[in-house]
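J.: Below are the sequence and a predicted model for it; my questions follow.
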Amino acid sequence: MTMLTRRALIAATGAAAFVAGAAPLLAAPPATLSVVKSPTCGCCTGWADLAREAGYVVDTTDVDDVTRAKV
């Protein structure tokens, strides 16, 4: 059986701390959603709010006629 030396323990601890500290830097940025909505629509606003709460970046554009955006 191989004995773990103090030097190996310090190196392993340092490597683990480095990996744990670098993990957030390697994470993907949040997805961006583009929402075309009517300024008076509560459903669209509520859906955009839920997406934000889930961690998405939401870019909203208010238009008078959403029919063109639905096609």
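T.: Structure received.

J.: Mind jotting down where the helices sit in the protein?
T.: 6-26, 42-53, 67-70 (DSSP state H).

J.: Which elements pack onto the shortest one?
T.: Where contact means 3 or more CB pairs under 8 Å, 6 or more residues apart in numbering; DSSP states H and E, helix 67-70 is not packed against any helix or strand. Where C-beta positions appear, they are placed from N, C-alpha and C, glycine not excepted.

J.: mean confidence score for stretch 46-62?
T.: If you average the pLDDT over stretch 46-62, you get 92.

J.: Not counting that stretch itself, show me its contacts.
T.: Contacts with stretch 46-62, where a contact means CB atoms under 8 Å, 6 or more residues apart in numbering, come from Pro30, Ala31, Thr32, Leu33, Ser34, Val35, Val36, Lys37, Ser38, Pro39, Cys44, Thr45.

J.: next one: phi and psi at the second one?
T.: Looking back up the chat, that one is Ala31. Backbone torsions for Ala31, taken as degrees, to the nearest 10, come to phi -70, psi 150.

J.: Next up, the contacts around it.
T.: Tyr56, Val57.

J.: Okay, it and Gly55: tell me how far apart.
T.: Per CB to CB, to the nearest Å, Ala31 is found 8 Å from Gly55.

J.: For the protein, name the helix or strand with the lowest mean pLDDT.
T.: When each helix and strand of the chain is scored by mean pLDDT, DSSP states H and E, helix 6-26 comes last, with a mean of 68.

J.: related to what we said a few turns ago, pull out the buried members of the contacts of stretch 46-62.
T.: The neighbour count (16 or more other CB atoms under 10 Å) marks Val35, Lys37, Cys44, Thr45 as buried among the contacts of stretch 46-62.

J.: how far away is the spatially most central residue of the chain from Gly14?
T.: By CA atoms, centre = their mean, the chain has its centre lying nearest to Pro30, at 2.8 Å. Pro30 sits 31 Å away from Gly14, going by CB to CB.

J.: Out of the contacts of stretch 46-62, which sit inside strands?
T.: Thr32, Leu33, Ser34, Val35, Val36, Lys37 (DSSP state E).

J.: contacting residues around the fourth one?
T.: Looking back up the chat, that one is Val35. Neighbours of Val35 in contact, by CB under 8 Å, 6+ apart: Cys44, Trp47, Ala48, Ala51, Val58, Asp59, Thr60, Thr61.
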